[in-house]
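A.B. asks: Need the 3D shape of this:
(2 chains)
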There are 2 protein chains.
Amino acid sequence: MTAIATTVDAEQRLYELWAEIRDLKSTEELLDWDQETYLPAGGQGDRGTTQATLAALRHRLMCAPELSEVLSACAETADGGGELAAQVRVAQRYVDLERRIPESLAKALAKARSAGTVAWQRARAEADFSKFERELAELVALRREEAAALAPGGSPYDAMLDRFEPGATEAALVPLFDSLGAALTPLLERVRDRGLEVDESPVLGDFDPEGQRRLGVHAATAFGFDFERGRLDATAHPFCVALTRSDVRLTWRWQRDDLRPALFGILHEAGHGLYEQGLPREWWRQPLGDPGSLGIHESQSRLWENHVGRSEGFWRWLWPTFTDAFPEHAAGTDPAAMWAALHTARPSLIRVEADEATYNQHVIVRFELERRLFRGDLQVPELPEAWDALYREVLGLSAPDAADGVLQDIHWSQGMFGYFPTYTLGSMISAQLFAAAERDLGPQEDAFEAGEFSPLLAWLRDRIHRHGGRFPAAELVQTATGRPLSADDLLRHLTSNLERAYDL
Amino acid sequence: MTAIATTVDAEQRLYELWAEIRDLKSTEELLDWDQETYLPAGGQGDRGTTQATLAALRHRLMCAPELSEVLSACAETADGGGELAAQVRVAQRYVDLERRIPESLAKALAKARSAGTVAWQRARAEADFSKFERELAELVALRREEAAALAPGGSPYDAMLDRFEPGATEAALVPLFDSLGAALTPLLERVRDRGLEVDESPVLGDFDPEGQRRLGVHAATAFGFDFERGRLDATAHPFCVALTRSDVRLTWRWQRDDLRPALFGILHEAGHGLYEQGLPREWWRQPLGDPGSLGIHESQSRLWENHVGRSEGFWRWLWPTFTDAFPEHAAGTDPAAMWAALHTARPSLIRVEADEATYNQHVIVRFELERRLFRGDLQVPELPEAWDALYREVLGLSAPDAADGVLQDIHWSQGMFGYFPTYTLGSMISAQLFAAAERDLGPQEDAFEAGEFSPLLAWLRDRIHRHGGRFPAAELVQTATGRPLSADDLLRHLTSNLERAYDL
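C.D. replies: Below is the predicted model of the structure:
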């Protein structure tokens, strides 16, 4: 045990201990990335063992008495609003998440998640919710137990939210989601009543995957993603992982007959990657050095995907490259038609295939169901019926079977409750940030057409990226935009686009 | 601290602790592999930091008092010749290697290796040994210090050898190398005096790299390498790394105008990989589960590369595939001509480009120089002159400058003294194993021509692979072949090939 003579020593020691933890996490991330990209098929079982060992080692470092001691020593003298206090607050939160969960519960959760994933896969393949019911009930029960351990006496669902979005509460989110849902419904009714069918042929065709990849890399590079400090590989499900500030890895997938999964997938992950590459170098391997909020992270991906990548200016800029990649296809369309094809609004059953507007309705349904489950108003066996009722009510649709209904997402099978809301939070934040950026920088459409993405990136670097994990999402949004987080800008963005696309 | 109630508890605990250490090593290996394959160029610096942290964590686990305690508890009751005693002996050796070196020395060595590599690169680029002299002298001094810490009062060079080849001593190796060198000289004089030039055109041409890769994968698969539990990627320098028993990764490089680097590189690394895939599954993550001897490891790669891959039977089997890959080239030659082209013997300056016979002379020179350095008979500033004198004496050649002379290898710049001898040990062992296999199985030429490599692999699995790291190389060779290790079979192999190739 190191004797802690002074606060300077304690602070120094905190950073040394945190650096080890971050390096261990970095290697866990490499193990995960490799598992999705290059791990031989026969190597999966042993890889799981290695991953479990690394997780246990990191748990041990997080629970080391010395770390708690230096955190206490730092907390005693840190200035409440200062940087050190924020370092301590963030570190203490992660330490608490590890320490407060009894080992027996952690093991039970790991086992239930594994069993849940297996059961969900089978249940989904057979479109039979009953095959997943017992495992899901167990996961809900264990997460409620976890909530009691993390925040004794508090709201169980708030504890779930807090794991992904520190500081988020049901009380704060419900008005946001209610205001969004209340305005989305009449907007989408106007679209429906207009009876127009937007022509989607500009995004449909036969697109060589290598051409799609090059197009995505070209745009991501223009946005400012540094491929000298990052890379792009193919995986079944796209993701972004930052092993270090100089090693940020994006992944992508493609569909031959539809441009959108590859191109917007790459732009989305590049948005995450731009954030990771822009985090403060001086905080690397310190508690504040990594993003703290999934909502903020998602806002960065959605901003570049939706507010930049779906803008007509962007498509005017991309057009020569698009024409080079797919000359015959491009000859039959133009940027305005492309813009329209990217702004459809059509209720559908599957969240991950939904358009920008109706996507939020899928999240609203899940948020409502999760709240009921954790309040105890809804029992797991009643979930399929509740799902169907809400889909009818919110989206006006009913799934033919559970596979396209309540079993469509992987999240619950891994015990991830409270995650879905961060998707729509990300959409709200992205719209609010983009509106603020345009207030500061002027409308960006012409800049995009000229290939000038750096003013926007610089604005995000200044307002968001450089703050690392220092501020909770709500505070960061308030400071960055001068306004409290609301659904207004997202609604304005969706309304304006749909009014144009559907000639409302 | 766990109370160790019984030996069974101690044994169980030893395996638990060792499993963590092996999993940590596995992730370090992934970090290294990734660094050579897919790490973005800008990510190198941060990767070095991550690697250093992981190495320090593993050092801490190896030096944990609990591990030493369970090793002592196991040693007390283990039957001397039994499996547990071997587990303890192997584990204790690794623990000693970590514990006996003071932290200050370990840090100084890490720093000197890093400085040595940088200096060597510059010195080599400028062909100026003086730019590397100080750093090399420092490395020799630190390694002598390390030798004193590892084996107080012992021979410094024996301590160096033991790090790579447990149990190897100068006293045991010198007679082997002397007998090899004494017989090689007259053999190569006979070749020189014959005045024949072997036609190398069968291996020279314009070979599409993808075709070369497919050819190598085809042969490695036929040998028995399981690509479901392994893979092949391109790197600057070929290597093989076993992350787990089910994740064995080979790498390769190619030259468009010469078949040999790619094909024999893949066969060589596949030989290493076959060994790793064949190690006992039940010992995985136990001290005996990994190979203990570099010489034995190298024997496996050289056996498949030289005794199988350069045989005429192998080439007769490969010919249809070779013809498919390179039809025009294959039409102009045949397996017999290919065989001859692969059995040249021509003194040359660069070790890694040397043929199978003269390769050993390059090692003999380095072995002699390392012994002198560690005996104190030779000082670092005198090294270039001694190098030149030995190359003239042994190979009859003099390098035009230090870049193609004393600066050609990376090993010394990383403080790796005692490594070179394992290359020729590997050649000797491979020849002795192959001769024993043919005594047991009959001549393999016809089997190879029929594509039957599994009898040989099964023999190696039984005699070598299944024993993991249980026996020192000398004991394993004695048991596997019924004879003490000698240079005889290697000399017979080289003599017979050269007599045929050069019509002696």
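A.B. asks: residues near A:Val88, how many?
C.D. replies: A:Val88 has 25 neighbours, counted by other Cβ atoms under 10 Å in any protein chain shown. Using the backbone N, CA and C atoms, a C-beta is placed for each residue, glycine as well.
A.B. asks: and the stretch 151-300 of chain A, which residues reach chain B?
C.D. replies: Proximity of the stretch 151-300 of chain A to chain B, by Cβ under 8 Å from any Cβ of the partner chain, involves residues A:226-231, A:233, A:243-247, A:284-285.
A.B. asks: helix, strand or coil for the residue nearest to A:Gly230 when sequence neighbours are not counted?
C.D. replies: Excluding the flanking residues, the one nearest A:Gly230 by Cβ to Cβ, 6 or more residues apart in numbering or on different chains is A:Val248, at 4.1 Å. Put simply, A:Val248 is strand when judged by DSSP: H, G, I helix; E, B strand; the rest coil.
A.B. asks: who's in contact with A:Val248?
C.D. replies: Listed by Cβ atoms under 8 Å, 6 or more residues apart in numbering or on different chains, the contact set of A:Val248 reads A:225, A:229-230, A:240-242, A:273, A:276-277.
A.B. asks: Looking at those residues, which are in helices?
C.D. replies: Counting by DSSP state H, the part of the contacts of A:Val248 found in helices is A:273, A:276-277.
A.B. asks: Burial check on the residue nearest to A:Arg13 when sequence neighbours are not counted, number of neighbours?
C.D. replies: Excluding the flanking residues, the one nearest A:Arg13 by Cβ to Cβ, 6+ apart is A:Val70, at 4.8 Å. A:Val70: 26 surrounding residues under other Cβ under 10 Å.
A.B. asks: Show me which residues of the strand or helix carrying A:Val70 are buried.
C.D. replies: Element membership for A:Val70, per DSSP states H and E: helix A:65-77. If you call a residue buried by 16 or more other Cβ atoms under 10 Å in any protein chain shown, then helix A:65-77 has these buried ones: A:67-71, A:73-75.
A.B. asks: got it, and stretch A:481-491?
C.D. replies: A:481, A:485-491.
A.B. asks: Take those residues and lay them out in JSON lines including distance to A:Ala125.
C.D. replies: Shown next, in JSON lines, are these (distance: Cβ to Cβ, whole Å):
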{"residue": "A:Thr481", "distance to A:Ala125": "45"}
{"residue": "A:Leu485", "distance to A:Ala125": "40"}
{"residue": "A:Ser486", "distance to A:Ala125": "41"}
{"residue": "A:Ala487", "distance to A:Ala125": "37"}
{"residue": "A:Asp488", "distance to A:Ala125": "42"}
{"residue": "A:Asp489", "distance to A:Ala125": "41"}
{"residue": "A:Leu490", "distance to A:Ala125": "36"}
{"residue": "A:Leu491", "distance to A:Ala125": "38"}
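A.B. asks: TSV for the buried residues of helix A:65-77, including pLDDT?
C.D. replies: What follows is those, written out as TSV (pLDDT from 0 to 100):
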residue	pLDDT
A:Leu67	98
A:Ser68	97
A:Glu69	97
A:Val70	97
A:Leu71	97
A:Ala73	96
A:Cys74	96
A:Ala75	95
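A.B. asks: picking up where we left off before, from the residues of the stretch 151-300 of chain A next to chain B, keep the buried residues only.
C.D. replies: Counted by 16+ other Cβ under 10 Å, these give A:226-227, A:229-231, A:243-247, A:284-285 as buried.
A.B. asks: Max pairwise distance over these: which two?
C.D. replies: The two members of these with the most space between them (Cβ to Cβ) are A:Phe227 and A:Arg285, at 23.1 Å.
A.B. asks: circling back: who wins on neighbours among the contacts of A:Val248?
C.D. replies: That'd be A:Gly273 among the contacts of A:Val248, by other Cβ under 10 Å, with 30 neighbours.
A.B. asks: And the closest residue to that one other than its chain neighbours, how far from B:Arg463?
C.D. replies: Spatially, and ignoring its direct neighbours in sequence, A:Gly273 is nearest to A:Val248 (4.7 Å; Cβ to Cβ, 6+ apart). Computed as Cβ to Cβ, to the nearest Å, the A:Val248 to B:Arg463 distance reads 48 Å.
A.B. asks: For the residue in the stretch 351-500 of chain A positioned nearest to chain B, list the residues it contacts.
C.D. replies: In the stretch 351-500 of chain A, no residue comes nearer to chain B than A:Gly468, which is 16.2 Å away by Cβ to the nearest Cβ. Counting by Cβ under 8 Å, 6+ apart, A:Gly468 makes contact with A:279-280, A:283, A:288-292.
A.B. asks: ok, 7 Å please
C.D. replies: A:279-280, A:283, A:288-290 (Cβ atoms under 7 Å, 6 or more residues apart in numbering or on different chains).
A.B. asks: Contact residues of the stretch 1-150 of chain A facing chain B?
C.D. replies: The stretch 1-150 of chain A has residues A:19-20, A:23, A:26-27, A:30-31, A:34, A:38-43, A:45-47, A:49-50, A:53-54, A:57 near chain B, with proximity defined as Cβ under 7 Å from any Cβ of the partner chain.
A.B. asks: Nearest to chain B among the buried residues of helix A:65-77?
C.D. replies: For the buried residues of helix A:65-77, the nearest to chain B is A:Leu67 (14.6 Å; Cβ to the nearest Cβ).
A.B. asks: Need the nearest residue in space to that closest one, chain neighbours excluded.
C.D. replies: A:Leu67 sits nearest to A:Leu17 (Cβ to Cβ, 6+ apart), 5.1 Å away.
A.B. asks: mind listing the strands for chain A?
C.D. replies: Using DSSP state E, the strands of chain A run over A:230-234, A:240-244, A:247-252.
A.B. asks: So, low pLDDT: which residues of the stretch 101-250 of chain A?
C.D. replies: Residue ranges of the stretch 101-250 of chain A with pLDDT under 70: none are present.
A.B. asks: ok, which stretches of it are helices?
C.D. replies: A:103-125, A:130-150, A:156-164, A:170-194, A:209-223 (DSSP state H, counting those that start in this stretch).
A.B. asks: picking that back up, could the contacts of A:Val248 be laid out in CSV, adding distance to B:Val90?
C.D. replies: CSV is the format used below for those (distance: Cβ to Cβ, whole Å):
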residue, distance to B:Val90
A:Phe225, 47
A:Arg229, 41
A:Gly230, 41
A:Cys240, 42
A:Val241, 36
A:Ala242, 38
A:Gly273, 44
A:Glu276, 42
A:Gln277, 44
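A.B. asks: of those, closest to B:Phe374?
C.D. replies: For these, the nearest to B:Phe374 is A:Arg229 (42.9 Å; Cβ to Cβ).
A.B. asks: what's near enough to touch that closest one?
C.D. replies: Counted by Cβ under 7 Å, 6+ apart, A:Arg229 has contacts A:246-248, A:277, B:40, B:42-43.
A.B. asks: about what we covered before: could you dump the strands of chain A into TSV and include distance to B:Arg375?
C.D. replies: Output for those, formatted as TSV (distance: least, Cβ to Cβ, whole Å):
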stretch	distance to B:Arg375
strand A:230-234	49
strand A:240-244	45
strand A:247-252	45
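A.B. asks: Out of those, which is closest to A:Glu83?
C.D. replies: Comparing the strands of chain A by Cβ to Cβ, strand A:240-244 comes nearest, at 21.4 Å.
A.B. asks: Okay, angle between the closest one and strand A:230-234 too, please.
C.D. replies: Orientation check (axes from the mean of the first three to the mean of the last three Cα atoms, to 10 degrees): strand A:240-244 against strand A:230-234 gives 140 degrees.
A.B. asks: Just the closest residue of the stretch 51-200 of chain A to chain B, please.
C.D. replies: A:Thr53 (3.7 Å).
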